[in-house]
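In: Sequence plus predicted model, see below.
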Amino acid sequence: MARNYRREYDQYQGTPEQIKKRAQRNAARALMVKAGKAKKGDGMDVDHAKPIDKGGTNAKSNLRMKTKTDNRNFPRDSKRQPK
């Protein structure tokens, strides 16, 4: 069965909450590029030391660079939420 990207966008990625989160991630990446710590195609993710969902900000002091693997793999609880 082919993946229905339009439906996926309409039900999840296109929601106002997800659009806001994506804008915050893009702003954080832009700050790191401007600071010279990231560049296009470097295979790195911008990590928030204190996640935005837990009260963190996009301040430079809260941002750091991590490999995609390190940033996207972390312990989760039974509800698949970060611990």
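Out: The structure has been received and is ready for your questions. Residues are numbered from 1 along each chain as shown.
In: quick one: average confidence on stretch 9-16?
Out: In this model, stretch 9-16 has a mean pLDDT of 91.
In: can you start the count at 425 instead of 1 from here on
Out: Got it, first residue is 425 now, which makes that one stretch 433-440.
In: Okay, buried residues for that stretch please.
Out: Judged by neighbour count (16 or more other C-beta atoms under 10 Å), stretch 433-440 contains no buried residues. (Each C-beta comes from the backbone N, C-alpha and C, glycine too.)
In: Centre of the chain to that stretch, how far?
Out: Mean-position distance between stretch 433-440 and its chain equals 16 Å (C-alpha atoms, centre = their mean, to the nearest Å).
In: So for that stretch, first residue to last residue, what's the gap.
Out: End-to-end distance of stretch 433-440: 11 Å, with C-alpha to C-alpha, to the nearest Å as the criterion.
In: now stretch 453-469
Out: This stretch, stretch 453-469, spans 8 Å end to end (C-alpha to C-alpha).
In: contacts for it?
Out: Val470, Asn482, Lys484, Leu487, Met489, Lys490, Thr491, Lys492, Asn495, Arg496 (C-beta atoms under 8 Å, 6 or more residues apart in numbering).
In: Make TSV from the residues you listed and add distance to Arg453 to it.
Out: As requested, these are arranged in TSV below (distance: C-beta to C-beta, whole Å):
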residue	distance to Arg453
Val470	5
Asn482	10
Lys484	13
Leu487	9
Met489	10
Lys490	13
Thr491	15
Lys492	13
Asn495	12
Arg496	15
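In: Redo those as TSV? Include pLDDT, secondary structure and distance to Lys463.
Out: Shown next, in TSV, are those (pLDDT from 0 to 100; DSSP: H, G, I helix; E, B strand; the rest coil; distance: C-beta to C-beta, whole Å):
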residue	pLDDT	secondary structure	distance to Lys463
Val470	94	strand	12
Asn482	91	coil	19
Lys484	92	helix	17
Leu487	95	strand	15
Met489	96	strand	10
Lys490	94	strand	15
Thr491	93	strand	14
Lys492	91	helix	14
Asn495	87	helix	16
Arg496	86	helix	19
